[in-house]
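okay, predicted coordinates and the sequence, questions at the end:
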Amino acid sequence: MKKKIMLRLALGFPIGVTIGQIISIVISLIWAKGYYAPCVPELAVAMGNEINAIVLQTILCGLLGMGFAASSLIWEIEHWGITKQTAIYFLIVSVIMMPIAYLTYWMEHSLVGFLRYFGIFALIFAIVWVIQFTIGRKNIRKMNENLRSYKES
């Protein structure tokens, strides 16, 4: 298990950084009117300049990727039910995501901003969870069909 955690942590950092970069490019394409906006302007102000802000954001995106990757091992604990796995995974990734979102100014620094961001995060989590659950259920049905046809032949 330790080896799996270390592997997920090692892979999670570059994946988190890559996803963070892709998101900044997409956001720039949509809202930056032809300019590249590598971070929220408030982060650049808080960090003293844009390069410090980008370095911090990149490190935090990597840590976020590490957290999500290592936490994904929860789905491999077979003696836990899906409800327990989902609740614990959601709790862990929320505890990782919320401080990083706050530090990077991805959310407004107020109670309303926190609640709004958390609500969006929870909604996205729920949508992804339902999609993954549906795909998993479909795959299990297909495997069961294959087993039935194998037994019949």
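Received, thanks. Since this is a predicted model, take the numbers as computed values, not measurements. Numbering: from 1, shown residues only.

any idea how far residue 139 is from residue 68?
For residue 68, the distance to residue 139 equals 22 Å [C-beta to C-beta, to the nearest Å]. The way it works is simple: take the backbone N, C-alpha and C, and place the C-beta from them, glycine included.

these two - which one has more neighbours?
residue 68 (19 against 10; other C-beta atoms under 10 Å).

give the other helices and strands that whatever helix or strand the more buried one lives in contacts.
Per DSSP states H and E: residue 68 is located in helix 50-71. With contacts defined as 3 or more C-beta pairs under 8 Å, 6 or more residues apart in numbering; DSSP states H and E, helix 50-71 has these neighbours: helix 2-31, helix 41-47, helix 82-103.

okay, the ones you listed in CSV with distance to residue 130 next?
Shown next, in CSV, are the helices and strands packed on helix 50-71 (distance: least, C-beta to C-beta, whole Å):
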stretch, distance to residue 130
helix 2-31, 21
helix 41-47, 32
helix 82-103, 11
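
re the thing from before, restricting to C-alpha, output the helix holding residue 68 in PDB.
The C-alpha coordinates for helix 50-71 follow below in PDB (Å, rounded to 0.1, in the frame of the first residue of the first chain):
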ATOM      1  CA  GLU A  50       2.800  37.600 -11.200                       C
ATOM      2  CA  ILE A  51       5.800  35.200 -11.200                       C
ATOM      3  CA  ASN A  52       5.600  34.600  -7.400                       C
ATOM      4  CA  ALA A  53       1.900  34.000  -7.800                       C
ATOM      5  CA  ILE A  54       2.500  31.500 -10.700                       C
ATOM      6  CA  VAL A  55       5.100  29.700  -8.700                       C
ATOM      7  CA  LEU A  56       2.800  29.400  -5.700                       C
ATOM      8  CA  GLN A  57      -0.200  28.400  -7.900                       C
ATOM      9  CA  THR A  58       1.900  25.800  -9.700                       C
ATOM     10  CA  ILE A  59       3.100  24.200  -6.400                       C
ATOM     11  CA  LEU A  60      -0.400  24.200  -5.000                       C
ATOM     12  CA  CYS A  61      -1.800  22.600  -8.200                       C
ATOM     13  CA  GLY A  62       0.800  19.900  -7.900                       C
ATOM     14  CA  LEU A  63      -0.100  19.400  -4.200                       C
ATOM     15  CA  LEU A  64      -3.800  19.300  -5.200                       C
ATOM     16  CA  GLY A  65      -3.000  16.600  -7.800                       C
ATOM     17  CA  MET A  66      -1.000  14.600  -5.300                       C
ATOM     18  CA  GLY A  67      -3.900  14.800  -2.800                       C
ATOM     19  CA  PHE A  68      -6.500  13.700  -5.400                       C
ATOM     20  CA  ALA A  69      -4.200  10.900  -6.700                       C
ATOM     21  CA  ALA A  70      -3.400   9.500  -3.300                       C
ATOM     22  CA  SER A  71      -7.000   9.800  -2.100                       C
END
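
that concludes my questions; thank you for your assistance.
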